[in-house]
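In: just to be clear, the model below is a prediction. Sequence and coordinates:
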Amino acid sequence: MASLKEVRNRITSVNSTQQITKAMKMVAAAKLRRAQDAILQMRPYARKLSEMLATVSAAAETAADSPFKQVRTVEKVLIVTVTSDRGLCGAFNTNVIKAAVALIQEKYPTQAAKGNVEILALGKKGGEAFARRGYQVNTKFMDVYTRLSFGVVKEAAESIMTDFQEGKYDAVEIVFNEFKNVATQIINTTQFLPIVADEEALKKMPTSKVDYIFEPSEEQIVQDLIPKTLKIQLYRAVLESNASEHGARMTAMDKATENAQELIKALRLEYNRSRQAAITKEILEIVGGAEALSQG
């Protein structure tokens with residue numbers, strides 16, 4: 001049985017840890033509100049932009065000529081992983097890393113064997129994890145969360161789009177956590193490039209032919225709309241991940257606080273038992289000494 005001093009020290013230590021987890025939970029909750037507002041405002045815009053692109057692409061013959069729709073033999077692949085910069089958020093980062101590894105093993109095993117799979121890490125945890133696994137990691141935009149804004153994500157999207165156009169990559173995939181609620185994040189794997197038709201969106205489109213009037217021109221609209229949609233798509237993925245991270249951290253810190261409270265209760269019970277045992281031992285020693293004196 002541990003000594004009273006050891007148990008007291010453990011109780012003090014767990015109490016300190018509990019105060020930290022409580023503070024982290026409160027900070028995560030405050031950040032979550034802002035992040036949740038941002039993604040809820042972004043979703044309708046991103047959804048409408050995608051619908052508009054599907055509609056225009058269906059009507060415009062030049063849409064098929066877009067360099068971002070060119071399907072090539074897949075030799076070189078870029079996997080964009082959206083993780084966090086910090087830990088203490090449960091399985092948030094681990095789930096993205098596992099999903100990306102599974103995607104590579106199942107969909108691109110031949111390319112991976114040739115060393116033609118590269119990781120673009122948005123967030124330090126993903127970059128560090130894949131570097132340890134021996135993957136080629138592009139860390140140019142790894143610090144995206146230190147200055148999170150559309151401008152920063154736009155740079156990353158433009159870099160990816162340029163590399164795809166120049167043939168550096170034949171396929172680009174994004175792996176991120178999609179925010180559902182505070183306690184639930186859904187792993188989402190999306191093909192970023194080349195652009196593929198959304199079958200569900202096409203089914204919902206009217207079957208009757210519509211005579212569109214394009215201004216300034218059909219080609220110009222498609223050329224402007226596709227890159228903008230891609231940038232918004234990546235920005236949405238980052239915002240989804242940002243909200244998911246704070247939700248996961250808030251949940252993890254709440255559980256940690258509860259576990260600390262349970263541990264404190266157990267330690268206090270152990271402390272009281274040890275203290276009682278020590279008192280009982282002292283009483284027995286006193287009684288034994290008294291009996292020895294009386295007999296002597």
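Out: Done, it's in. On a predicted model such as this, the values are computed, not experimentally measured, just so you know.
In: show the average pLDDT along the lengthiest helix in the chain.
Out: Ranked by residue count under DSSP state H, the longest helix found in the chain is helix 218-295. For helix 218-295, the mean per-residue pLDDT is 89.
In: same check, this time on stretch 69-83
Out: Stretch 69-83 comes out at a mean pLDDT of 94.
In: try stretch 41-54
Out: 84.
In: which residues are in contact with residue 78?
Out: 117-120, 138, 160, 163-164, 169, 171-173 (CB atoms under 8 Å, 6 or more residues apart in numbering). The C-beta positions use only the backbone N, C-alpha and C, and glycine is treated the same way.
In: restricted to helices, list these.
Out: Using DSSP H, these in helices are 160, 163-164.
In: report pLDDT for residue 34.
Out: Looking at residue 34, its pLDDT reads 93.
In: that one: how many residues sit nearby?
Out: Neighbourhood size, residue 34 [other CB atoms under 10 Å]: 11.
In: try residue 52
Out: Residue 52 has 13 neighbouring residues, counting by other CB under 10 Å.
In: next one: phi and psi at it?
Out: Per-residue torsions, residue 52: phi -60, psi -40 (degrees, to the nearest 10).
In: for the stretch 1-150 of the chain, which segments count as helices?
Out: For the stretch 1-150 of the chain, applying DSSP state H, counting those that start in this stretch gives helices covering 4-59, 92-107, 109-113, 124-132, 150-165.
In: for residue 182, find the nearest of the ones you listed.
Out: helix 4-59 (6.9 Å; CB to CB).
In: who are the packing partners of that closest one?
Out: Helix 4-59 is packed against strand 171-181, helix 199-204, helix 218-295, with contacts defined by 3 or more CB pairs under 8 Å, 6 or more residues apart in numbering; DSSP states H and E.
In: CSV for the ones you listed, including mean neighbour count?
Out: Listed next are these as CSV, based on neighbours: other CB atoms under 10 Å:
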stretch, mean neighbour count
strand 171-181, 22
helix 199-204, 10
helix 218-295, 17
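In: can you put those in TSV and add distance to residue 105?
Out: TSV is the format used below for these (distance: least, CB to CB, whole Å):
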stretch	distance to residue 105
strand 171-181	13
helix 199-204	26
helix 218-295	22
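In: so which of the ones you listed gets nearest residue 193?
Out: Nearest of these to residue 193, taken as CB to CB: strand 171-181 at 4.1 Å.
In: what angle separates the closest one from helix 218-295?
Out: With axes from the mean of the first three to the mean of the last three CA atoms, to 10 degrees applied, the angle from strand 171-181 to helix 218-295 works out at 50 degrees.
In: now do strand 171-181 against helix 4-59, angle only.
Out: 120 degrees.
In: who does the helix or strand just after strand 171-181 pair with, and is each partner parallel or antiparallel?
Out: Sequence order places strand 184-193 as the next helix or strand after strand 171-181, per DSSP states H and E. Within its sheet, and counting by DSSP bridges, strand 184-193 is paired with strand 171-181 (antiparallel).
In: what is the burial count for the nearest residue to residue 239 once chain neighbours are set aside?
Out: Nearest residue to residue 239, sequence neighbours excluded (CB to CB, 6 or more residues apart in numbering): residue 39, at 4.5 Å. Residue 39 has 19 neighbours, counted by other CB under 10 Å.
In: do the one 10 residues further on as well
Out: Summarising burial for residue 49: neighbours were counted as other CB under 10 Å, giving 17.
In: my read: it touches residue 230, true?
Out: No. At 10.1 Å, residue 49 and residue 230 do not qualify as touching, with contact defined as CB atoms under 8 Å.
In: which residue sits closest to residue 103 in space, ignoring its chain neighbours?
Out: In space, and not counting its chain neighbours, residue 103 is closest to residue 189: 5.7 Å by CB to CB, 6+ apart.
In: need the contact list for that neighbour.
Out: 99, 103, 173-175.
In: of the residues you listed, closest to residue 74?
Out: Residue 74 has its nearest neighbour among those in residue 173, at 10.6 Å by CB to CB.
In: tell me the pLDDT at the nearest residue to residue 121 once chain neighbours are set aside?
Out: Ranked by CB to CB, 6+ apart and with sequence neighbours excluded, the top spatial neighbour of residue 121 is residue 127, at 3.2 Å. For residue 127, the pLDDT comes out at 95.
In: of all the helices of the stretch 1-150 of the chain, which lies closest to residue 248?
Out: helix 92-107 (4.0 Å).
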